[in-house]
Structures are given as C-alpha cells and as structure tokens.
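> Sequence unavailable; structure follows:
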Ligand code: HPA
Ligand code: ZN
C-alpha cells in the first residue's frame, strides 16, 4: 500500500494524547522498582494482559492505579521523553499533551514536580527532535468542582506552562456544567479551553462543553452524529473534533473499526483529526491509528491529507507556524 508509506512519512500533529496514557507496562515496572513500590501484577506480560477493557470506566480504574508509580520529577521527565523519542520516529512534528495533575497531587506528589518534569522534557524534545508542543491541564470530572478550583489555585505559579485547560475521566454523570466556574477563570486568565465530550456521553455533553465551558475543540465528539442540529453547528463553527479510533474500539465506544464513523464525519464536513488518546493502553500511537483506519475504512489519499491538515489547523500553534506545516 503506497498510501501506508505516505502515512508513515507524513509530518503529523497530535492533539489528543494523555501523557499518563503513554506509560508502557515495561515502564510501570521500571518506575515501581526505582521508587520501591510493589505492584498487583507479577510480570510485564501479566500487566499487558490486563489491558482489556469493557468500557471507559474499566480502563480508568487501571489507568488511575498504574499512574501511581510516577513519583518524582525525574519520572515525569522520563515518561515524557520516552514518548517524544518514540513519536519522533513516527514523524510527529507537533503534539498537544494532556496531563492529570489530580492523579498525582492526590498522592502527595507536588504539582511543581509533575509540571517541572514534563515541561523540561518537552523543551529537551524540541531541541533534540524538533518537536514543538503545548501542555493542557486536565481536570478530573469525577471529582468535585471544589477540587478542580483547588487544582486551579495550585496551577497559578505555572500558568505560563499551559496553553489550555481540559476535562477528562468518567464522563456520564459528570456533565460540563459542573466546571463552568473553573473554566471561566481559566479563560479569563488567557488560556484556551477543550473538553472530552460525546465519547460515552450523549450530544448534550457536547452542547454543554460549547455553551457552558466555551471550548474551542471537542475531544472525541463521536456521538455528535445523534443530533443533526449539533452537527450543523459544529460544521458551521468549524469546531475541531479530536477523534481516537483505536481508543474507541478498545473502550467499546464502537463495535469495530469498520463501523467507525470517521469517514462519515469527514463527508459531513466535520473538522475531524486522528489521535491516539492513551497509546500504551490501546494498542497504537498516531501512525498505528492512521494505518488502522486507512485499512478498515479504505481511506483514499485525499481523506488522509484532510485528516492531517485538520490537525494542523485545529492546533494551538500560531498562524505563521501553521503555514510552515501546511
Ligand atoms: N476519556 C476520558 N478520560 C480519559 C481518557 C478518555 O479517553 N483517556 C484518559 N483519560
Ligand atoms: Zn482522552
């Protein structure tokens, strides 16, 4: 397949990547060992076998537990560096990375260690690999508004490190409206806003993210197709949707890749792009996601190009930086 070689060589932009979701089983053991922690799994193979999920929550239960091996600034540096070194080989040229501060501060890890390790690695990755990046602070939506506001206060000394705030974790039962006030503060401070919506939650969660939170991008958003008026709005306002095909299969948001709505979304004029979400858990980084949808949906070159260009346009790069990538 000539198109597959093109996909591999294409300079790629990733907009939906949880840095804790790049924690490979080998690294879980490496970090646990050096921090003197014991694990519930006997071996790397046993842990990898546990990467089998029924839904979003069954994934989050494991993801929230395994990130407990990340303790020191050096751990966050190494995690981020390993990710950048890997995707440099996939020709990723720009990446916008989520992190979950509450997954670490709740264990007594200082906010500054998390942000310091990640940002030092991002700067080193820019130097070594020429990969540009932005960092997005995510609030855990299963926790309270008060906890999100407290996290926002802890973020104050580091605001220059963040391009945007985001919202992740258990979607259903935790609607965007719960975070209206903390998002208003973040936007007033000059940050951009994104939110996970329409992954397991219905179209209402996407309306809420747009209207209550003022987001510029929707993460996932695949369930927008259930609401024609919403699709019309997303098309009219050119709202990007950061779709994650392998994630959707592994979390059973869709039955299989062949029934994924990505090509239908493209045909409707939605600004979709392809992303990897939590690649260590879902069986592939960005290139594997592209190759899998190319095959399952029989994408043609024009569709692949549109997906790649949508990600450039939807990024938080400056207009002149986008021009260089196009
Ligand atoms: N959805 C919600 N929360 C998450 C995800 C996701 O895809 N990945 C990591 N945290
Ligand atoms: Zn995600």
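Okay, I see it. It should be emphasised that the depicted structure is a prediction, and the values quoted were computed from it without experimental measurement. Ligands and ions are numbered 1, 2, ... in the order given.

> only C-alpha atoms for contact and neighbour calcs from this point on.
OK.

> Can you classify residue 137 as helix, strand or coil?
Taken by DSSP: H, G, I helix; E, B strand; the rest coil, the conformation at residue 137 corresponds to strand.

> pLDDT at the spatially closest residue to residue 91 that is not a sequence neighbour, what is it?
Closest residue to residue 91 apart from its sequence neighbours, by Cα to Cα, 6 or more residues apart in numbering: residue 11 at 5.1 Å. Note for residue 11: predicted pLDDT of 98.

> I'd say residue 11 and residue 88 touch.
No - using Cα atoms under 8 Å, residue 11 makes no contact with residue 88, being 9.8 Å away.

> quick one, which of those two is more surrounded?
residue 88 (19 against 16; other Cα atoms under 10 Å).

> which ones are touching that one?
Counting by Cα atoms under 8 Å, 6 or more residues apart in numbering, residue 88 touches 129, 131.

> measure it to residue 132 for me?
11 Å (Cα to Cα, to the nearest Å).

> ok, so what distance separates whichever residue of the stretch 151-300 of the chain sits closest to ligand 1 from residue 199?
Closest residue of the stretch 151-300 of the chain to ligand 1, Cα to the nearest ligand atom: residue 169 (3.4 Å). Shown here: residue 169 relative to residue 199, a distance of 11 Å by Cα to Cα.

> Please say which of those two ends up with more neighbours.
Neighbours were tallied for residue 169 and for residue 199 using other Cα under 10 Å; the higher tally belongs to residue 199 (25 against 20).

> Do stretch 47-56 and ligand 1 come into contact?
No - using Cα under 6 Å from any ligand atom, stretch 47-56 stays clear of ligand 1, with a minimum separation of 6.6 Å.

> swap that for stretch 59-75, please
No - Stretch 59-75 is not in contact with ligand 1 by Cα under 6 Å from any ligand atom; minimum separation 6.6 Å.

> Now the terminal residues of that stretch, how far apart.
22 Å.

> Same question for that stretch: list its buried residues.
For stretch 59-75, a neighbour-count test (16 or more other Cα atoms under 10 Å) marks 59, 62-63, 66-75 as buried.
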